[in-house]
Structures are given as structure tokens and as C-alpha cells.
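Asks: I would like to see how this sequence folds:
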Amino acid sequence: EVQLVESGGGLVQTGGSLRLSCVASGFTSDDYAIGWFRQAPGKEREGVACISDSEGVTNFADSVKGRFHISSDNAKNTVYLQMDSLKPEDTAVYYCAAGVFCGEYAAPAQYEYDYWGQGTQVTVSS
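Replies: Predicted coordinates for the structure are as follows:
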């Protein structure tokens, strides 16, 4: 059974940093790409970043490029989302998901991801 568990969310001031973790079980990083998505109140869920170890690809939404970084630790079956220079508009519930594709030219899309974690809240105060 594929399971994804996020952690690391919290409250941080503008300009601060957080590192989110996504622990995967039931599959290995070579089987799936891992994407991070977020959903703010009243807004649609959007793709933030993705990583595919098998393809050697990472990608980011334009809104987070240069501020967010994604990495994986295969020994721990964990994907991290390092978020720096946080802004109030980064406030959202962040989800990790496992899917079949992380492209080089666009942020991840929901329809490409089949398995989802429960989400972790990130709040950036101004």
C-alpha cells in the first residue's frame, strides 16, 4: 500500500524558512515522481515542485523558483521541500503526492499524481 506522510509545517515570519518532509512507504523513489502541491483558502490546489530520481529531473513553479529547493534521501525514502525567504502568499496546506511524471518545463499537475498525503499547514505571518 502506497502511503505518504508530510511533516514540518508550522508558523514562521516573513523571510523565514521551513523544511517539509514527505516520507513514502509502499514504493521506492525509482517507481514514482514526488510532487509538492499547496492549497490556500479559497484557491485551487497548485503544483509547487517535483522531483524524479529515475529521470534526474526537478522542477518548480515560477512563484517559488530561487526560494524553494527539493531533494530526496533514498535511504530514508523521504523527499524534502526546503522553503526559504517565505512570504505571506506562501501560506497554504502543503501536500506531497506520488505520480508518474515530473517534467522539465512546467510545474507538476494534479492529474499526473495518484497518491496523496494528508497535508501539513504552513502559515507565514507578515
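
Asks: my guess is Thr120 contacts Met83, does it?
Replies: No - using C-beta atoms under 8 Å, Thr120 is not in contact with Met83; the gap is 11.5 Å. No exception for glycine: its C-beta is placed from N, CA and C like everyone else's.

Asks: Name the residue in these two with the higher neighbour count.
Replies: Higher neighbour count among Thr120 and Met83: Met83, with 27 against 22, using other C-beta atoms under 10 Å.

Asks: Identify the bridge partners of the more buried one.
Replies: Per DSSP bridges, the residues bridged to Met83 are Leu18, Phe68.

Asks: where along this structure do the strands fall?
Replies: 3-7, 10-13, 18-25, 33-39, 46-52, 57-60, 68-73, 78-83, 92-99, 113-116, 120-125 (DSSP state E).

Asks: residue nearest the centroid of this protein?
Replies: Nearest to the geometric centre of the chain sits Trp36, at 2.1 Å (C-alpha atoms, centre = their mean).

Asks: in the sheet, who's paired with it?
Replies: Assessed by DSSP bridges, Trp36 has beta-bridge partners Ala49, Cys96.

Asks: which stretch among the strands of the chain comes nearest Ala106?
Replies: Across the strands of the chain, Ala106 has its closest neighbour in strand 57-60 (6.9 Å, C-beta to C-beta).

Asks: tell me what that closest one is packed against?
Replies: Counting contacts by 3 or more C-beta pairs under 8 Å, 6 or more residues apart in numbering; DSSP states H and E, strand 57-60 is packed against strand 46-52, strand 68-73.

Asks: Now mean pLDDT, distance to Thr28 and mean neighbour count too, for those strands, in TSV please.
Replies: Below are the helices and strands packed on strand 57-60 laid out as TSV (pLDDT from 0 to 100; distance: least, C-beta to C-beta, whole Å; neighbours: other C-beta atoms under 10 Å):
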stretch	mean pLDDT	distance to Thr28	mean neighbour count
strand 46-52	96	12	23
strand 68-73	96	11	17
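
Asks: and of the ones you listed, who's closest to Asp114?
Replies: strand 46-52 (13.5 Å).
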